[in-house]
Every structure is written in structure tokens, then in C-alpha cells.
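[1] Just to be clear, the model below is a prediction. Sequence and coordinates:
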Amino acid sequence: MATLSARPDREVAVLGGGCFWCVEAVFTDLRGVCAVEPGYAGGHVQQPTYEQVCGKQTGHIEVARIEFDPAELTFSDLLRVFFATHDPTTPGRQGNDVGPQYESAIFWQDEAQREQAQAVMAEIEAAGVYDAPLVTRLLPPAHFWPAEDYHRDYFALHPEQGYCQFVIAPKVAKFRRQFHDRLKR
């Protein structure tokens, strides 16, 4: 089970949208988000390492644990950002990142989140936002294993790194343009 917020006025979302560096970089800037932590969920290996997860045998998905204030940001709106900032139509990949650890996934934390996720997914499908059907996995709560410290704030700490410049920076720029009214000030 994911660690829920110790504060009663906050909620937790656990989302897999490809590389967790990308997911963390996007959600860090979203107003209403209090904390974002990269990690792993959904697999069978206890305390997995990045190397193990990249080995594609753990069953884990790279995820971000997002703590947010529901008075400022609803779970449904958080999911709308999630779906707009990755490709939820490609199983086991995001761009050149290929493997089961890059699945699009929502680990709902309670029935209300599961129902909201189903509703947002239906809304996106009905709107024809994508040319292909959504393959995002809607999964029950799973233990969240924090990633190693060097993964935290990776984009902010290493903007000059090639992957950050060519993959994360364009994704963050697109997010900032599309959701400029929802950015932290």
C-alpha cells in the first residue's frame, strides 16, 4: 500500500507515465501539488533498485508519488494533466524508453480515485483526444518503494544532461504552455 499523507487535508496519487524523472518534473510545477517523489510500484521484488527495475524482471513500474491539496487541485484535474503529458496509448513505452517499467498506470488509493480515474479515461476516449485507445492500466493500491536519492529532483539538478535537454525539457515546456494557468507562482 502506498504511504498516505499524514495530513488529513492532503491526498496521494501514484502515477506511472514513463520515466519518473519526466513525471516528477511536470508535477513539481503544478499548483496544488505539495510533494513529488519518484519510485517504483506494482512489482513482486521488495526494495527494488533502479538496475533491477531496468532489468525488466521485477514487475515494477516507474511511478511518482504525488501529494496534493484537494482544495486546490482535484484528483480528476491532476489526471487530466497526467494524460496530457505522456502518451497513454503505447503499452510498455514512452518514446525511446521501452520496457514494462514505462507502462502508463494509475494506482488508485481508494474507491473514489478509482471511479474518478474511470470517468476521466472515459472523458478522454469520448473526446477522441488520441488516435489510438488508451492502454493506461488502472491498478489497485500497491506498495510504493522510493527510488534512490540520486533520482530525486533529477531534472532540476541536471538540466544540462542530454536526456533532460531532449526528452524532459520539451515535455515540461509543453506542460507549462498548456497549463500556464495552473502553474505554481
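    Received it, and whenever you're ready, just let me know what you need.
[2] which residue packs closest to residue 163, ignoring adjacent ones?
    Of all residues not flanking residue 163 in the chain, residue 21 sits nearest, at 7.5 Å (CB to CB, 6 or more residues apart in numbering). Bear in mind the C-beta positions are built from the backbone N, C-alpha and C, glycine included.
[3] surely residue 25 meets residue 167?
    No: shown here, residue 25 and residue 167 do not form a contact pair, counting by CB atoms under 8 Å, at 9.9 Å.
[4] These two: which has the busier surroundings?
    residue 25 (26 against 21; other CB atoms under 10 Å).
[5] and the closest residue in space to that one that isn't next to it in sequence, what does it touch?
    Closest residue to residue 25 apart from its sequence neighbours, by CB to CB, 6+ apart: residue 155 at 3.9 Å. Taking CB atoms under 8 Å, 6 or more residues apart in numbering, we find residue 155 in contact with 21, 22, 24, 25, 164, 168, 169, 172.
[6] just residue 26 next, same as before
    Counting by CB under 8 Å, 6+ apart, residue 26 has contacts 81, 85, 171, 172, 175.
[7] Please pull up the helix or strand immediately following the helix or strand harbouring it.
    Using DSSP states H and E, the element containing residue 26 is helix 20-28. Downstream of helix 20-28, the next assigned helix or strand under DSSP H and E is strand 33-41.
[8] Tell me which other helices or strands that following strand touches.
    helix 20-28, strand 61-68, strand 144-146 (3 or more CB pairs under 8 Å, 6 or more residues apart in numbering; DSSP states H and E).
[9] and of the ones you listed, who's closest to residue 49?
    Closest to residue 49 of the helices and strands packed on strand 33-41, according to CB to CB: strand 144-146, at 9.4 Å.
[10] before we move on, the earlier item: now the contacts of residue 155 as a markdown table including distance to residue 91 and pLDDT?
    Below are the contacts of residue 155 laid out as a markdown table (distance: CB to CB, whole Å; pLDDT from 0 to 100):
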| residue | distance to residue 91 | pLDDT |
| --- | --- | --- |
| 21 | 21 | 96 |
| 22 | 17 | 95 |
| 24 | 22 | 97 |
| 25 | 23 | 97 |
| 164 | 25 | 94 |
| 168 | 22 | 95 |
| 169 | 26 | 95 |
| 172 | 24 | 95 |
